[in-house]
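J.: this one's structure only:
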């Protein structure tokens, strides 16, 4: 990522939290069983904790670039979507019926001389 937020700001803190959540979510896409995923989640947390006390902006930028690249390299090709979320397996399934007439056949038939059809 070429434009990182300025270190030690609220935007930077939000960016790091977002990166952490994206990494955890991506790992959950790869490892479905929570007990196996938990070990990987602890490894990710340890990586973030190891870099917690880095105060050099250039070093932080390099660390975050490396983390973004690692995330992009490991991105799951078919990520999990909750069933009722957009793009989920149940999205727009069993929609309620339309309450009004979609097309008024009687008026169309009368206007075009097709009264008995």
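T.: Received it, and whenever you're ready, just let me know what you need. Since the model is a prediction, treat every value here as computed from it, not as a measurement.
J.: from residue 48, how far off is residue 18?
T.: From residue 18 over to residue 48 the distance is 12 Å, taken as C-beta to C-beta, to the nearest Å. Just so you know, the C-beta spots here come from the backbone N, C-alpha and C atoms, and that holds for glycine as well.
J.: an error on my part: the question was meant for residue 111.
T.: For residue 111, the distance to residue 48 - C-beta to C-beta - is 69 Å.
J.: those two: which is more packed in?
T.: residue 48 (15 against 10; other C-beta atoms under 10 Å).
J.: the more buried one in helix, strand or coil?
T.: Per DSSP: H, G, I helix; E, B strand; the rest coil, the local secondary structure of residue 48 is helix.
J.: apart from its chain neighbours, what residue comes closest to it?
T.: Distances taken as C-beta to C-beta, 6 or more residues apart in numbering put residue 20 closest to residue 48, at 5.8 Å, once the chain neighbours are dropped.
J.: contacts only, for the one you found.
T.: Under the criterion of C-beta atoms under 8 Å, 6 or more residues apart in numbering, the contact list for residue 20 reads 44, 45, 48.
J.: pLDDT and distance to residue 71 added to the residues you listed, as CSV?
T.: Output for the contacts of residue 20, formatted as CSV (pLDDT from 0 to 100; distance: C-beta to C-beta, whole Å):
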residue, pLDDT, distance to residue 71
44, 96, 10
45, 96, 15
48, 95, 12
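J.: let's have the residues you listed in TSV, adding distance to residue 92.
T.: Compiled in TSV, those are given as follows (distance: C-beta to C-beta, whole Å):
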residue	distance to residue 92
44	34
45	37
48	38
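J.: just curious, which of those is nearest to residue 106?
T.: residue 44 (64.2 Å; C-beta to C-beta).
J.: you'd agree that closest one is up against residue 22?
T.: No: between residue 44 and residue 22 there is no contact under C-beta atoms under 8 Å: 10.4 Å.
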